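Asker: Mind folding the following:
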Amino acid sequence: MMEKPVIKVENVSKLFGRNHKEAVEMLNKGATKSEVLKETGVTVALWDVNFEVYAGEVFVIIGLSGSGKSTLVRCFNRLNKPTSGSIHYKDQAIEKLTQKELISYRRDNIAMVFQNFGLMSHRNVISNVEYGLEVKNVGKDLRKQKALEMIKMVGLDGVENAPISSLSGGMKQRVGLARALANEPEVLLMDEPFSALDPLVKKDMQFELLSIQRKLNKTIIFITHDINEAFKLGDRVAIMRDGKVIQIDTPEAMITNPADDYVREFIEGADKSKVMSVRQVMITPSCIVKTTDGANRAIVEMRSNNVSSAYIVNEKMEFKGMLTLDGAIKARDTKGKISDYFSDDVITINTDATIGDAMPLAANAKYPIAVLEDNKLKGIITKASLISTLAEN
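Answerer: Coordinates of the predicted model:
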């Protein structure tokens, strides 16, 4: 049975202006956003958008200014109401919620982190973080306890009583994130939350968000115009243009198979080494020897494959080390075990790592890097395979 989405967007359009009927007719005939505006005076913010977001997913929406991404994210909490189409939170159609149901939905199920922080300057840090809980009539002691937990989680432990005016931009955004998380929403909306921060602080906040996500496993819809940020944070990325979604894919798949020239050009500036998996560059080792094999068998295997070293695994294919031809010969001549001559300076990396993770390791590696999954040998990475893949992309 397929997993049910937390958020489902079906045929959503958002038009601003009066002459919707004529605009829709033009759009159905293939007119562009600018043609519709010129002819009808209607601004097409969104047109026939469809996708699903699943539990625990970081779903990134990216596009240039005017692409519709910020209009779309405000549809999820009904700050914008779609002109047509439907957005479901689980089994609830958001556009059909009564005012009472909408207040409950915004209070309990969804929270938003804004680019400009949205903090209350007359309240200190903990008072800002507590605010959503206060609205929900959570008791004072429990409110304080939850707020302090979130303040600690976002790295602001010790400044809970500080006035907002005393904080840096990065610290203010941490307060905004803590306030959103304190409400324990299932869905977190983040509208370009780090775009106003300087590059170093932005990088720290991206790392902080990924760390928090590993602990809390929220469903996050993240808006950005920065392709490197999108690829760093997103499990899947949706690229928008002129109110339409052009492609939805994993960062790796998008780099490998862009939907069209627009996507290809859009992602051209992305640091692909931080996106592409080591699986794309790993190769099968030409010589593998088991721990139960003797020295003579190891020597025969290496010579028949014309190599001077072998990767050692046990019966379960768990990686145990590297054996050189010289080591195997010494084991044979001394009638010793090959395990006594394993090399322990083999660098290993997990299959979920990126090429960017492997590059600094490969620079100083004596042997090709062993790629492991649950400690089982899946392949190796040579310096040549790394260089070749980066050159091709």
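Asker: Please count neighbours and contacts with C-alpha atoms only from this point.
Answerer: Fine.
Asker: Number of residues surrounding residue 172?
Answerer: Around residue 172 there are 20 other residues, counting by other CA atoms under 10 Å.
Asker: Quick one: name whatever helix or strand follows the strand or helix carrying it.
Answerer: Residue 172 belongs to helix 169-182 when assigned by DSSP states H and E. With elements assigned by DSSP H and E, the helix or strand that comes after helix 169-182 is strand 187-191.
Asker: what is the rounded mean pLDDT of that next one?
Answerer: For strand 187-191, the mean pLDDT works out to 94.
Asker: Which strands or helices does the helix or strand following that strand pack on?
Answerer: As assigned by DSSP H and E, the chain's next helix or strand after strand 187-191 is helix 199-216. Helix 199-216 is packed against helix 169-182, helix 227-233, with contacts defined by 3 or more CA pairs under 8 Å, 6 or more residues apart in numbering; DSSP states H and E.
Asker: who touches helix 199-216?
Answerer: If you take CA atoms under 8 Å, 6 or more residues apart in numbering as the criterion, helix 199-216 is touched by 153-154, 170, 174, 194-195, 229, 233.
Asker: Low-confidence bits of the stretch 251-393 of the chain, can you list those?
Answerer: Along the stretch 251-393 of the chain, the parts satisfying pLDDT under 70 run over 390-393.
Asker: can you give me the helices in it?
Answerer: Here the stretch 251-393 of the chain has its helices, by DSSP state H, counting those that start in this stretch, at 251-256, 261-266, 295-304, 325-333, 355-363, 383-392.
Asker: next one: the last one to chain centre, how far?
Answerer: When you say that, I think you mean helix 383-392. Distance of helix 383-392 from its chain centroid, counting by CA atoms, centre = their mean, to the nearest Å, is 24 Å.
Asker: The closest residue to residue 57 other than its chain neighbours and residue 88, how far apart?
Answerer: Nearest residue to residue 57 in three dimensions, chain neighbours excluded: residue 219, at 5.1 Å (CA to CA, 6 or more residues apart in numbering). Note on residue 219: its distance to residue 88, by CA to CA, to the nearest Å, is 14 Å.
Asker: Looking at the two, which is more packed in?
Answerer: Shown here are residue 219 and residue 88; by other CA under 10 Å, residue 219 has more neighbours (22 against 18).
Asker: wait, which of the helices and strands packed on helix 199-216 is closest to residue 26?
Answerer: helix 227-233 (31.5 Å; CA to CA).
Asker: which strands and helices sit next to the closest one?
Answerer: strand 58-62, helix 199-216.
Asker: Quick one: work out the angle between the very next helix or strand once past that helix and strand 58-62.
Answerer: Next helix or strand after helix 227-233 toward the C-terminus (DSSP H and E): strand 236-241. Between the axes of strand 236-241 and strand 58-62, defined by axes from the mean of the first three to the mean of the last three CA atoms, to 10 degrees, the angle is 20 degrees.
Asker: who does the helix or strand following strand 236-241 pair up with?
Answerer: On the C-terminal side of strand 236-241, the closest following helix or strand by DSSP H and E is strand 244-249. If you go by DSSP bridges, strand 244-249 pairs up with strand 236-241 (antiparallel).
Asker: Distance check, residue 226 against residue 51.
Answerer: Remark: distance between residue 226 and residue 51 (CA to CA) = 21 Å.
Asker: before we move on, what about residue 259?
Answerer: Taking CA to CA as the measure, residue 259 falls 16 Å from residue 51.
Asker: I'd like the contacts of helix 199-216 as TSV, with pLDDT appended.
Answerer: Listed next are those as TSV, based on pLDDT from 0 to 100:
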residue	pLDDT
153	89
154	88
170	86
174	90
194	89
195	86
229	92
233	93
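Asker: mind listing what residue 191 touches?
Answerer: Contact analysis of residue 191 by CA under 8 Å, 6+ apart lists 70, 73, 112-115, 222-224.
Asker: out of those residues, which are inside strands?
Answerer: Judged by DSSP state E, strands contain the following of the contacts of residue 191: 112-113, 222-224.
Asker: Between the residues you listed, which sits nearest residue 264?
Answerer: Nearest to residue 264 among the ones in strands among the contacts of residue 191, with distances taken as CA to CA, is residue 224, at 17.6 Å.
Asker: Give me the neighbour count for residue 157.
Answerer: 13.
Asker: Provide the secondary structure category for residue 22.
Answerer: In three-state terms, and counting by DSSP: H, G, I helix; E, B strand; the rest coil, residue 22 is helix.
Asker: which residue sits closest to it in space, ignoring its chain neighbours?
Answerer: Leaving aside its sequence neighbours, residue 22 sits nearest to residue 40 (CA to CA, 6+ apart; 7.0 Å).
Asker: My guess is residue 130 contacts residue 141. True?
Answerer: No. In this structure, residue 130 is not within contact of residue 141 by CA atoms under 8 Å, at 10.7 Å.
Asker: between these two, who's got more neighbours?
Answerer: Neighbours per residue, other CA under 10 Å: of residue 130 and residue 141, the larger number sits with residue 130, 25 against 9.
Asker: In terms of neighbours, single out the busier of residue 226 and residue 51.
Answerer: The neighbour comparison of residue 226 against residue 51 (other CA under 10 Å) goes to residue 226, with 18 against 15.
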